[in-house]
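[1] Got a predicted model here, sequence first, then my questions.
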Amino acid sequence: MAIEEYIGSIVMDVDSREVEITDLGEQINTGKKIVKTMNSKGVAKGFSRGIATYDLDISAVVPLDGDIDWENLEGVKITITPLSGSGGQRYSYLDCFTSEVGRKYTVDNEAKIDIKMSAMRKVYES
């Protein structure tokens with residue numbers, strides 16, 4: 001039996017600039033909603049299609065020499081590339097913008113910045 005390899009770490013680029021991140025969370029809402037109807041079986045009969053939304057939660061370290069102006073990002077491209085050399089799908093979020101920014105400092109770790117972003121669409125690259 002062969003050993004399976006799984007995707008581990010990723011590299012994140014903001015408009016082709018590599019960013020040192022510690023966490024990345026992706027939340028995709030498909031926009032589909034259940035359609036409830038009154039019928040003799042008392043069950044829903046289907047769904048309606050809506051508008052998909054893409055939300056990103058990012059934690060990045062704060063370098064001494066300056067950082068990306070996270071608060072004012074608009075229309076940027078976020079690219080996610082698996083570090084694994086043997087596979088994994090590269091994809092990008094397009095037309096991203098920042099909705100929230102927060103900084104945190106702890107006694108035994110580096111300063112971090114937490115960013116909440118939204119994107120207009122997601123595309124897979126080859």
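    Here it is on my side, so go on.

[2] Which parts of this protein are strands?
    10-14, 17-19, 21-29, 33-35, 46-48, 53-61, 74-82, 90-104, 112-119, 121-125 (DSSP state E).

[3] Among those, which comes closest to residue 2?
    Checking these against residue 2 by Cβ to Cβ gives strand 74-82 as the closest, at 19.2 Å. C-beta here means a position set from N, CA and C on the backbone, and glycine is covered the same way.

[4] what packs against the closest one?
    strand 10-14, strand 90-104 (3 or more Cβ pairs under 8 Å, 6 or more residues apart in numbering; DSSP states H and E).

[5] buried stuff in it?
    For strand 74-82, burial by neighbour count (16 or more other Cβ atoms under 10 Å) applies to 76, 78, 79, 80, 81, 82.

[6] which outside residues touch stretch 54-71?
    Stretch 54-71 has contacts (Cβ atoms under 8 Å, 6 or more residues apart in numbering) with 12, 14, 17, 19-29, 78, 93, 96, 98, 101, 103, 110-122.

[7] Which entries within these meet the buried criterion?
    12, 14, 19, 21, 24, 78, 93, 96, 98, 101, 112-117, 119.
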